[in-house]
Each structure stands twice: as structure tokens, then as C-alpha cells.
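Asks: Quick one: sequence plus predicted model below, questions after.
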Amino acid sequence: MVRKTCFCCVPEVFSLLPEVSRFCPFKKQRDFLNSLLLTPVFNPVKQFTQQFYIKHIMVGQRVRTRFAPSPTGYLHVGGLRTALYNFLFAKKMKGDFIIRIEDTDQSRKVADAQLNLIRTLEWAGIVADESPEHGGNFGPYVQSERLHIYREYCDRLLEEKNAYYCFSTSEELEENRQLQMKQGLQPKYNRKWLPEEMGGSMPSGEVRRKMEEGAPYVIRMKVPDYVSVWFEDMIRGPIEFDSSTIDDQVLMKSDGFPTYHFASVIDDHLMKFTHIIRGEEWLPSMPKHLLLYEFFGWEPPKFAHLPLLLNPDRSKLSKRQGDVAVEDYIRKGYSCDAIVNFVAMLGWNEGEGTEQEVYSLEELIEKFSIERVGKAGAVFNVEKLNWLEKQYIKNRPAEQIIRTIRPLLVAELEKQRAEMPFDIITSDRYLEQVIELMRERVGFEHEFVTFSSYFFFEPGTYEEEAVKKRWTPETNGLLREFLSTLEVLEPFSAEAIEGALREFVAPKGLKAAALIHPLRILVSGVSFGPSLYHMLEVVGRDAVLRRIAKGIERISVPV
RNA sequence: GGCCCCAUCGACUAGUGGUUAGGUCAUCACCCUUUCAAGGUGGUAGCACGGGUUCGAAUCCCGUUGGGGUCACCA
């Protein structure tokens, strides 16, 4: 006997159609509903399609989404994306985004993780409307502070015979699991403690006896046999499960804490979330959650299961194959703009022929739609992230860059003696010039200091290969001669320097390159960098003359 | 192994029955150029396979293959 149940059906009310259409967040569906309004059709096929669309819409209800991490350490980039999509969806719909902390595993709890998680999200611009830090009307937002609530609802399940006590020990269960695996069966609880009155084989007296003994126990949900459970995923469409493949999930652990499955269903309901957007790894436990909603007689929220973020080898993104913590990327110097933009594009795109690649958070909110989220997993490709970071650096206002690099420079100046006056090289005017010369040549903001060190410090060494390539026996003589030209050059500007150099070189029948490359090497220490003339102008006459003179002393060429 | 999900260039993707299969990153070549970048132009490169449905399939259906997820008193 198979009972078909759809747990996600909103009662379809034809008269609501105009209303539904007006509130519908999805353009395509709105259009579809409007077309239905214009040409009412009642054939079964159309009705089915219409139900499909209505199921995705909550009429007149304020959208509430959540991100529910467990405080076990850092924020995973996959977590960031899940949080971001929840946030974007909520904000797009003028609703609320909430953070809830799932700390029901006390052994894995890490001290500062909660605050760190929330701070990191805020770094990315994802600010919660309600959270343990911000408060709200549906608190507490930390599951370990809601234990009495879970207990209460668990008692209800026990009473209504949808859950039962289980005294099997971990060893017993493990043994059972091994045996089943060896037989090629799906590991599943053998229902040893399912009481007689619930269709099991354990006499209720035995349960009572164990109880009185004070034996440790867990509480399991009784999954009905032969039930087909299905729902509409907002991203994937209809998905169906057979209850016979579902285990009698533990709801309450022996330490009195609920499991994820139980706590999250209770909280998602009590906190009135309308849409649950989470990772695809939760898809297999969907039937357990749906069954719980049915046990309680609650209408489930809409669900969307996001595709996974992948390693280059297409397995689930993991620590072993690179950085997964958002903090790692922050430490490396990635900006929130690039990270958020990048992560948003892994699995979502605007569609409709757009070729835009760079989006601000505001733009993402404006343009995001859950229906445009793809189904297939996406490889986290650092090269594209790097490119995005460069795009942002190219376009970021200089004053904003100055705010982040000045502290780095000052710290560097404490370690290393500057060649030029502190006040000058840390001034807005000076830094701005450095930024404009270097912004198309750096990959990260901190490289304005490290890659551009010759704007602040005398080069300590000269690139050996470059010296070998660019020096001839005449070079030092030419430099010495040109030095005196630079000494009196007025003004000491890029334009004037270029003019002087070309004038200097032409009568000698030499190419400008004969002097250009050696000059660059003496002044910067390296063979690459911005426009030579502009660089000389910014570094300034004093330092340039000093560096050239010193360089000539230091570089000796075999004649 | 059971269950579930997924499948367009190396990567991210556009594409919803008729396109020379488009864009971005990466890559290659050329141009620009004092170097390195940036920029410009162009190129290489893709519908996993097999059956249907259809006048016509990347697109719809079925199967195969491949990949992934999940099967805890972790989330």
C-alpha cells in the first residue's frame, strides 16, 4: 500500500490568481500567471502547471530567510555563498535575513567561532536583521539556549507515537552497521527498541525497566513505512523519496541535545522562515524533515538546494585542495567586492544575454533571482577570482585604496628605514601618484606597498639577469654623463625627463633603450614596472640622483 | 552498494525546438610599447553516448555512461 502525499501544496485558490500574480517575485511566473488570467484554461495540464507556480509563492507574507552555521571554526566559502544567496533573496523580496547558530554538537563547538562568523559575513556586507548579536523577536538565536523548546516538542512526538526511546549503545549500532555493510545492505537502524504498541517488538515493560535503571537513551523518530514523500525544490523541481529508504533518525541525543534535523525543523517553523536555501548536501535528509513537518501538522517552507562548490577535481570543495576559509582569502588580500562578486557568480547568472561580469552587492540584490540559480556544481576557480580582484583595483577610487594601504606602509616603515621623508611618502598626494602608476600592475592592494617598494625604499639589490642583459661597457659612462643632465633639469617632470633623454641619446647615435633600461634598474632594482619617466618624476630628483650614483658604484662591468 | 542530484569549450556560463552554439577567465598569436602590465584584434577549444518524439533536437522523453552528494547520538 502506497500513500501519496504532497507536503508542499499551498491550497490552490483560483480566485487568488490576480493577487498571486501581483506578488509573484519571478518575472517569468508573473507573465505566465498573467497569461492565465487573460485566457483562463481549465484543462488538467494547465492546472498542474499553475499549481507548480503557485507553490512557489507566499501570498502577502514577508519573506524570511536564514543562514544557520555551526560554530566549529571559520566561515567556509560555500557557507558564504549560501549566506549570500539567502541574503540576496531576502533583500530582493524586501524581507529579512536572519542568522541562527546551530551549536547542538557541544564537542565540536569552538570558542570565538560565533562572533567570527558574524563578523566575517559583515565584512562581506551581509548584515543580518536578526541574529545572536543583533537580537530580534524570535530569539534566542542560539540553539543551545532553546533546549527546553526541543524537549517540549519532542514530548509531543513521543505522546503521539511518532517517536520512541532507544537504548541501543553506540557499539551495538556500529556492530549492526558493519554487519549490514558486509551483507551489502544499506546501514539502517534495526528498530530493536521500537515498542510493541508502535508496531515493533519491544515490550513496553522493558522500556520502563531501562528507564528506571537510568540507562542512557536517545529518542528516534518513527518513519512510517511505504510512504512516498515528495516536494518541489525551487531550483530542481519535484523530488520524490520512498520512506522505506529512510532511517529512524535520532532526534534527541543522549546528552539531551537535539540533532540538527530536529532542531532545525523546530526552529525554522517557530522562527517563521518562508524559504530555506541551503546546500545540496541536505537534499538526502529532506524526507526526514518533511515527515517532521507532517507530524506536527505544520506547513513546510519553500526549499531550495544549492549546487555544491567544487575542487578542481570536481569533488566537494575541501581543505585538502586549497583554501576554503573566507578568512584565508581575506588574509591573502582579496577584497569583499571581488569575493562576493565571484562567489555570487558560481551558480547564478543574470541570464537574458547579459555580458556583465562585475556586480556590486547592491546590483546583485537588485538582479538576483532564485530561478536563475543553476543545478550543477561549480568549480571554485581562483584564476577568475584574481581577474575580478584586478578589475576592482583598476576601478577603485584612490582615496579608498589609500585608506587600506597607508597602515601597511606605516608598518613597513617601522621595519625598514625609508629613503625619503616619512611625511612625503605617506601623504595622500604621493600615494595617489603611486597608485595611478601601479594600479594596472598589481593583483592585490597590499602589492601597492610590496611590489612598489622602490617608491618608498632604496633598492637593495639589482635584478641580476636584467643587469647582464642591459649593461655594456659604455653604460656606466653614459649614466654618469646623463646624471649631470638630470641634476639641472627643470622641471623634473616626466615630459622633461623624456625630452632630455632623447636629446641626450640622439647625437650619439644610440637608442633610447640603451639608457632607459639601465635607469629603470638602478632606480627600481627590477626590470619591470610603470612608465620610466613617470616613475622618475614621482620618486623625485634627490632620490633618483642618489640611486643612479650609487648604482654606478655598485655595478661593475667586465670590459 | 542503496537512495538522491547533476551533465554545453580546461574553468564559470548564455542558450527553454530552427543560432555560423554566444560571452568571461585561462591559453596561443599579432598589434600597441623602453620593460611589466593594461588595452586592442584574432585564434585554439564545447553540446558525454545511444535510442526515440519531431519536417527539424544542445534544447523534450527513455536508457547508458560518467561525475557528485548522502547513508552518525556531525552539522
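Replies: Sure, I can see it.
Asks: ranges for the helices of the stretch 201-350 of chain A?
Replies: A:204-213, A:260-270, A:286-296, A:326-332, A:336-345 (DSSP state H, counting those that start in this stretch).
Asks: Go ahead and name everything in contact with the second one.
Replies: Spelled out, it's helix A:260-270. Helix A:260-270 is contacted from outside by A:66, A:68, A:70, A:100, A:102, A:104, A:138, A:143, A:146, A:149-150, A:153-154, A:221, A:249, A:251-252, A:258, A:276, A:285, A:288-289, A:292-293, A:296, A:298, A:301, using Cβ atoms under 8 Å, 6 or more residues apart in numbering. (Each C-beta comes from the backbone N, C-alpha and C, glycine too.)
Asks: Separate out the buried members of those.
Replies: Buried residues within those, counting neighbours by 16 or more other Cβ atoms under 10 Å: A:66, A:68, A:70, A:100, A:102, A:104, A:138, A:143, A:146, A:149-150, A:153-154, A:221, A:249, A:251-252, A:258, A:276, A:285, A:288-289, A:292-293, A:296, A:301.
Asks: which bits of the stretch 401-550 of chain A sit near RNA strand B?
Replies: A:440-441, A:512-513, A:516-517, A:520, A:527-533 (Cβ under 7 Å from any atom of the strand).
Asks: Show the buried residues in the residues you listed.
Replies: Buried, going by 16+ other Cβ under 10 Å: A:Ile516, A:His517, A:Arg520, A:Gly529, A:Pro530, A:Leu532, A:Tyr533, out of those.
Asks: What residue spans form the domains of chain A?
Replies: A:3-54, A:396-455, A:464-554 (automatic domain parsing).
Asks: Is it possible to get CSV of those domains that adds mean pLDDT?
Replies: Formatted as CSV, those follow (pLDDT from 0 to 100):
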stretch, mean pLDDT
domain A:3-54, 42
domain A:396-455, 95
domain A:464-554, 93
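Asks: Out of those domains, the one nearest A:Lys390 is which?
Replies: domain A:396-455 (6.1 Å; Cβ to Cβ).
Asks: Columns mean pLDDT and distance to A:Ala128 on top of the helices of the stretch 201-350 of chain A, output as TSV?
Replies: Shown next, in TSV, are the helices of the stretch 201-350 of chain A (pLDDT from 0 to 100; distance: least, Cβ to Cβ, whole Å):
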stretch	mean pLDDT	distance to A:Ala128
helix A:204-213	92	42
helix A:260-270	98	15
helix A:286-296	97	23
helix A:326-332	96	16
helix A:336-345	98	16
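Asks: Residues in contact with the lengthiest helix in chain A: which ones?
Replies: Using DSSP state H, we find that the single longest helix of chain A is helix A:398-415. Under the criterion Cβ under 8 Å, 6+ apart, residues A:393, A:422, A:425-426, A:428, A:431-432, A:435-436, A:439, A:445-446, A:448-449, A:453, A:456 lie in contact with helix A:398-415.
Asks: among the buried ones among the residues of the stretch 401-550 of chain A next to RNA strand B, which are in strands?
Replies: Judged by DSSP state E, these include no members of strands.
Asks: I figured A:Phe303 was touching A:Phe231, is that so?
Replies: Yes - here A:Phe303 reaches A:Phe231: they are 6.4 Å apart, a contact under Cβ atoms under 8 Å.
Asks: Now tabulate the domains of chain A in JSON lines and tack on distance to A:Glu363.
Replies: As requested, these are exported to JSON lines (distance: least, Cβ to Cβ, whole Å):
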{"stretch": "domain A:3-54", "distance to A:Glu363": "17"}
{"stretch": "domain A:396-455", "distance to A:Glu363": "16"}
{"stretch": "domain A:464-554", "distance to A:Glu363": "31"}
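Asks: Number of residues surrounding A:Lys238?
Replies: In this structure residue A:238 is Pro, not Lys. 12 (other Cβ atoms under 10 Å).
Asks: Which strand residues bridge it?
Replies: A:Glu232 (DSSP bridges).
Asks: ok, it to RNA strand B distance?
Replies: To RNA strand B, A:Pro238 is 7 Å away according to Cβ to the nearest atom of the strand, to the nearest Å.
Asks: How about the contacts made by that residue?
Replies: Residues counted as contacts of A:Pro238 (Cβ under 8 Å, 6+ apart) are A:Trp230, A:Phe231, A:Glu232.
Asks: Looking at the residues you listed, state which has the most neighbours.
Replies: Of these, with other Cβ under 10 Å as the count, A:Phe231 tops at 23 neighbours.
Asks: Distance-wise, check that one relative to A:Asp103.
Replies: Distance from A:Phe231 to A:Asp103, counting by Cβ to Cβ, to the nearest Å: 28 Å.
Asks: Please apply the same query to A:Ala124.
Replies: 22 Å.
Asks: same check, this time on A:Val63
Replies: In terms of Cβ to Cβ, A:Val63 sits 26 Å off from A:Asp103.
Asks: ok, now A:Val142?
Replies: In terms of Cβ to Cβ, A:Val142 sits 6 Å off from A:Asp103.
Asks: ok, now A:Lys253?
Replies: From A:Lys253 to A:Asp103 the distance is 13 Å (Cβ to Cβ).
Asks: Who has more neighbours out of the two?
Replies: A:Asp103 (21 against 17).
Asks: where does the more buried one land in three-state SS?
Replies: Following DSSP: H, G, I helix; E, B strand; the rest coil, we place A:Asp103 in the coil state.
Asks: mind checking pLDDT for it?
Replies: Reading off the confidence values, A:Asp103 has pLDDT 96.
Asks: so what's it up against?
Replies: A:Ser70, A:Pro71, A:Lys109, A:Gln114, A:Val142, A:Gln143, A:Ser144.
Asks: was I right about the third one contacting A:Pro71?
Replies: Yes - counting by Cβ under 8 Å, A:Lys109 touches A:Pro71, with 5.8 Å between them.
Asks: Just want the residue of the stretch 51-200 of chain A that's nearest RNA strand B.
Replies: A:Glu102 (3.0 Å; Cβ to the nearest atom of the strand).
Asks: now the strands for the stretch 251-400 of chain A?
Replies: Along the stretch 251-400 of chain A, counting by DSSP state E, counting those that start in this stretch, strands occupy A:275-279, A:302-306, A:309-310, A:378-379.
Asks: Oops, could you answer that again for the stretch 101-250 of chain A instead?
Replies: A:163-166, A:218-221, A:227-233, A:237-242, A:250-252.
Asks: got a markdown table for those, with mean pLDDT too?
Replies: Below are these laid out as a markdown table (pLDDT from 0 to 100):
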| stretch | mean pLDDT |
| --- | --- |
| strand A:163-166 | 96 |
| strand A:218-221 | 97 |
| strand A:227-233 | 93 |
| strand A:237-242 | 93 |
| strand A:250-252 | 97 |
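Asks: Neighbours of A:Ala124, how many?
Replies: 20.
Asks: Would you mind giving both backbone torsions of it?
Replies: Here is the backbone geometry of A:Ala124 (degrees, to the nearest 10): phi -80, psi 0.
Asks: From A:Ile393, how far out is A:Ser531?
Replies: Per Cβ to Cβ, A:Ser531 is found 18 Å from A:Ile393.
Asks: So which of A:Lys109 and A:Pro71 has more stuff around it?
Replies: A:Pro71 (22 against 16).
Asks: can you tell me which residues contact the nearest residue to that one once chain neighbours are set aside?
Replies: Excluding the flanking residues, the one nearest A:Pro71 by Cβ to Cβ, 6 or more residues apart in numbering is A:Ala113, at 3.6 Å. Neighbouring residues of A:Ala113 by Cβ under 8 Å, 6+ apart: A:Pro71, A:Thr72, A:Gly73, A:Tyr74.
Asks: Is the first one located within a strand, as I assumed?
Replies: The one in question is A:Pro71. No - read with three-state DSSP, A:Pro71 is coil and lies in no strand.
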